Structure formats: C-alpha cells, structure tokens
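**Student:** Starting from these lines, generate the structure:
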Amino acid sequence: MVKLEVLICTTAARLSQLAPGRLPMLPEVRYIVVCQNPDGANTAPARAALTRRHDIEVYQFDDRGLSVNRNHALDLATAPYIHIADDDLRFKAEGLRQIIAEFDADPSLDVLCTHAEIPEEHIYPPDGWNLAEPYRFYSPVSFEISLRRRAVESVGLRFSPLFGIGAPFLAAGEENIFLHKAFSSGLSGRFRDICAVVHPGPTTCTRDGARAGVIRARGAVMRISRGSAAAFIRLLVEAWRSPGLFVTSLWHLLEGFVYSIVKSRQI
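**Tutor:** The predicted structure is shown next:
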C-alpha cells in the first residue's frame, strides 16, 4: 500500500534531467512528477524513461508558475501523506520511511517539517518543535515540508500563484505563505530532526537573493506573517541585511509590502 507520495514539480526543459536513480524504490512510496510544458515541447522520450518504473507517474500541463504546478500536484495526490519536492533532489530511503513513521505514530499531526542536506547554512529549531510557534530565523524550504493530505484538503490549503518562480511579481516565498495559511487554519505541525532530501546547490533565496522579485517576496511575506505594523518597523533592518544595495533593497521590500496589501484577497 502506498502511504507517501513525493510530488515533484518540473518543466519540459528539465524533465529529462530527472534521474530515476535519485528516487529510491520503496513499497510505500510513489513519485508524482508534474511537468509544465506551455510551449508544447516533445517530452515523450523523457516521460517514457521515467514511467518504465511502476512507482513513477508523470503528468503534463500547459501553464506556467511553480505555485500553479504545486497545486496541480496537490490535486493529483491520493496517498495519505505527501511530500513537496523539486526535480534536482536526491532522496534518502530511510528519511522517507521516517516521514511515514511520524505520521503513522501521530494521527493528529498535519504538517511535518524536516531538514534537507544543503550546502548553505540553515537554522533549524530543536527536534519536536511546535511549528505553530515561530522560531527565530527559521524558514522551511518547500522540499522540507510533508503533509497529511486529508488535513490539507479539509481547509482547502493551496499555494498562492502570486508567489514563487514564474509568479508575476513575487519570485519566492510560496512555502512561507503556504505554512502561514496552514497554521492560521488551525492545522498542527512539528519539526523533526530527519533528513530525507539532498539538495546539490544553493536554494533560490540564496542564489537569487539580490533579485528584485525575491526581495519583494520577502517584503510581502514579512507583512503577512508579522502584521503590517511590525513588518514596517523591520523594513530598514531587512534592507540592511539584503545582499544588494540598501536603498534598492528597501524599495523592493516596500514594493512587496504594498503589493501584498493590494492583492490581499487573492493571496
């Protein structure tokens, strides 16, 4: 019986780079690959190479935007537990087994965050931390998030298409908003010291941290998660910490802050 589905989002240009050897074969795990192909590229050879394995399914859509694609993946999921993933990851069999065991052991657990093996430095809370309580400087990456599917569906939880790669204005922050909505909706969450994923390089926010869209996303996430007054007070500090020029970073943070107000009903 499949208990965990790993939801891998990709594009037509990257589908052939998804190596089945990085996806461990486990009786309780299935891999759902969701590929965006708005330009109609020929992906048949890459899809055929992946679906030779009985535990890999590939679906294709003709739209754009990572959050849109993540929502396709959530709609396709049927297993009790799901794990958010990208196409450049290597998975650890034992870590995936531990994720299943955590959900099996605690029927009240809705959201489980683990830690990935990443070359950059990340701050994590203590093992067992209640995710509904903020932990200073901790910000989970999307591929560190596992979910109980029934809980996600019960509150209508989805990724906001206004955030993430391919979004019109805010090029990151989709997982922050997703988790904020999850816990605001009353879902439970816990961090566990489990490593199920290896990421070979820097994450988007580190690699592209000086890009306007990424900085704007930080301004928007701050306002939504902290409230307008608290976030506004911290804009100067965040601009000072940004990798770009102070004045430019402050402007982009303000853009994201204001955009999140204007678009609040769509987020």
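**Student:** Tell me the bridge partners for residue 170.
**Tutor:** Taking DSSP bridges as the rule, residue 170 bridges to residue 163.
**Student:** nearest residue to residue 122 other than its sequence neighbours?
**Tutor:** The shortest distance from residue 122 to any non-neighbouring residue, by CB to CB, 6 or more residues apart in numbering, is to residue 115 (7.2 Å). Where you see a C-beta, it was placed from the backbone N, CA and C, and this is true even at glycine.
**Student:** where does that neighbour land in three-state SS?
**Tutor:** Secondary structure assignment for residue 115 (DSSP: H, G, I helix; E, B strand; the rest coil): coil.
**Student:** pLDDT score for it?
**Tutor:** Residue 115 carries a pLDDT value of 94.
**Student:** Name all residues that make contact with the residue nearest to residue 267 when sequence neighbours are not counted.
**Tutor:** Nearest residue to residue 267, sequence neighbours excluded (CB to CB, 6+ apart): residue 160, at 5.0 Å. For residue 160, the contact set (CB atoms under 8 Å, 6 or more residues apart in numbering) comprises 67, 174, 177, 178, 266, 267.
**Student:** just the buried members of those residues?
**Tutor:** Taking 16 or more other CB atoms under 10 Å as the criterion, what is buried in the contacts of residue 160 is 67, 174, 177, 178, 267.
**Student:** quick one: secondary structure of residue 30?
**Tutor:** strand.
**Student:** Any idea how many residues pack against it?
**Tutor:** 21 (other CB atoms under 10 Å).
**Student:** That one reaches residue 51, doesn't it?
**Tutor:** No - using CB atoms under 8 Å, residue 30 makes no contact with residue 51, being 11.9 Å away.
**Student:** Identify the contacts common to these two.
**Tutor:** Common neighbours of residue 30 and residue 51 (CB under 8 Å, 6+ apart) are residue 57.
**Student:** longest helix anywhere in this structure?
**Tutor:** helix 246-262 (DSSP state H).
**Student:** counting contacts, what elements does that one pack onto?
**Tutor:** helix 212-226, helix 228-241 (3 or more CB pairs under 8 Å, 6 or more residues apart in numbering; DSSP states H and E).
**Student:** ok, residue 130 to residue 1 distance?
**Tutor:** The spacing between residue 130 and residue 1, counted by CB to CB, to the nearest Å, is 30 Å.
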